[in-house]
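Asks: Mind folding the following:
(one chain, ligands or ions: 2)
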Amino acid sequence: MKIAILGAGAFGTALAVALSVKGPVTLWGRRIGWRGENPRLPGIPLPEAVAVTDDPAAAMGCDTMLLAMPAQALGGFLAEHGPALDGKMLVSTAKGIDLRRLTGPSALIAEACPAARIAVLTGPSFAADIARGLPTALTLACADPATGQALQHALSTPVLRLYRTTDVTGAELGGALKNVIAIAAGVVIGARLGDSARAAIITRGFAEMTRLAGRLGARPETLTGLSGLGDLTLTCTSQQSRNFRFGHALGAGADFDAATTVEGVATARAVARLADRIDQDMPIAAMVARLADGLVSVDNALEHLMSRPLKEE
Ligand SMILES: NC(=O)C1=CN([C@@H]2O[C@H](COP(=O)(O)OP(=O)(O)OC[C@H]3O[C@@H](n4cnc5c(N)ncnc54)[C@H](O)[C@@H]3O)[C@@H](O)[C@H]2O)C=CC1
Ligand SMILES: O=C(CO)COP(=O)(O)O
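Replies: Ligands and ions are numbered 1, 2, ... in the order given. All right, here's what the predicted structure looks like:
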């Protein structure tokens, strides 16, 4: 397989570094303003096997494309480049729900590239860890078992271990929804509510994730796997997570750099709309959307969540 990574942010660059141990990789970004080392991934020199380009034509000779831009950017990217990508193997790495269409990345890709074979790469993995060659286990989801198996082998390395599933819906919902809960966990810690409260948010957040994913057709075991519980655990407990740090700043009343990619904000808004549409109770996600939009204070959000009717677990 000839591999190109489209999207030269932290994660695309980290994947290029990791996969370059197996052969040449093309890394395309729309505006490459750096040489040798991506400022979004400081301290990681790019290996010679990674060819960096801002010319989309330079990537088109590859048969396998990893789409590594944020979820809310994917629709615009596909509107521009979809026709050229149709028929290829397309692997989405975005963790979010598109705010306009209220769908995950795989549905957006399927619409723009009907002849493509589509997969999702997700699971607990910080870009910096992958780029440093630290051991990482991810989920590769593809509805077609043969394509999934081929991609699993092509994208695994001695330190990057891919597990396979055919449950694309479950894998991409786990990756999207955990970002929303990570913001809530960050708020709890930023507001100094304590580790016990964080454990409660993680657990009740996971209950929300599994309820919504189940309604949308996901298999329960996918949500308890790497792409669900695994990534939820990582993101809710690490200062490396941008979603957690954003929530922390909200909880502490501190500033946050608006240029940082925080997928959970738009996804919380999308989840709130989706939950309304299918009449599904998602109190933590709804509260994260209201908090991020400044519609409720941290104190009022907590009071609201704590005063909900007492019920069975
Ligand atoms: N950074 C991480 O540790 C991980 C990130 N991810 C996911 O990967 C996705 C990308 O995240 P990062 O690379 O970390 O974000 P980032 O903020 O570092 O980079 C985003 C990149 O996307 C590019 N981009 C934005 N719109 C574009 C468009 N229309 N066409 C082409 N490129 C466009 C930007 O120029 C930028 O280079 C997100 O969905 C994130 O959740 C997944 C696992 C780990
Ligand atoms: O998805 C991630 C880890 O698996 C990265 O999380 P953040 O986007 O919150 O940094």
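Asks: OK, contacts around the residue in the stretch 51-200 of the chain that ligand 1 sits nearest to?
Replies: Here the stretch 51-200 of the chain gets closest to ligand 1 at one residue, residue 73, 3.2 Å apart by CB to the nearest ligand atom. C-beta: built from backbone N, CA, C; applies to glycine. Counting by CB atoms under 8 Å, 6 or more residues apart in numbering, residue 73 touches residue 7.
Asks: what about it, which SS state?
Replies: Under DSSP: H, G, I helix; E, B strand; the rest coil, residue 73 falls in the helix class.
Asks: Report the separation between it and residue 178.
Replies: 19 Å (CB to CB, to the nearest Å).
Asks: Off-centre distance for stretch 304-312?
Replies: Offset of stretch 304-312 from its chain centre (CA atoms, centre = their mean, to the nearest Å): 30 Å.
Asks: what's the closest non-adjacent residue to residue 165?
Replies: residue 141 (4.9 Å; CB to CB, 6 or more residues apart in numbering).
Asks: and residue 162, which of the three is it?
Replies: Under three-state DSSP, residue 162 comes out as strand.
Asks: I'd say residue 53 and residue 25 touch.
Replies: No: applying CB atoms under 8 Å as the test, residue 53 and residue 25 come out as separate, 11.2 Å apart.
Asks: neighbour count winner among those two?
Replies: The neighbour comparison of residue 53 against residue 25 (other CB atoms under 10 Å) goes to residue 25, with 24 against 15.
Asks: In the stretch 1-150 of the chain, which residue sits nearest ligand 1?
Replies: For the stretch 1-150 of the chain, CB to the nearest ligand atom, closest residue to ligand 1: residue 9, 1.8 Å.
Asks: Quick one, grab the pLDDT at that residue.
Replies: The score at residue 9 is 98. That number is its pLDDT.
Asks: How about it: what's its closest non-neighbour residue?
Replies: residue 40 (5.5 Å).
Asks: Is stretch 260-270 positioned near ligand 1?
Replies: Yes: Stretch 260-270 lies within reach of ligand 1 by CB under 6 Å from any ligand atom, at 261, 263.
Asks: so for that stretch, what's the average pLDDT?
Replies: Here the average pLDDT along stretch 260-270 is 98.
Asks: Now do the strands in the stretch 51-200 of the chain.
Replies: 64-67, 89-92, 117-122, 136-142, 160-165 (DSSP state E, counting those that start in this stretch).
Asks: List the strands paired with the second one, with their directions.
Replies: When pairs are called by DSSP bridges, strand 89-92 turns out to pair with strand 64-67 (parallel), strand 117-122 (parallel).
Asks: Mind putting these into JSON lines with mean neighbour count and mean pLDDT?
Replies: Output for these, formatted as JSON lines (neighbours: other CB atoms under 10 Å; pLDDT from 0 to 100):
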{"stretch": "strand 64-67", "mean neighbour count": "24", "mean pLDDT": "98"}
{"stretch": "strand 117-122", "mean neighbour count": "27", "mean pLDDT": "98"}
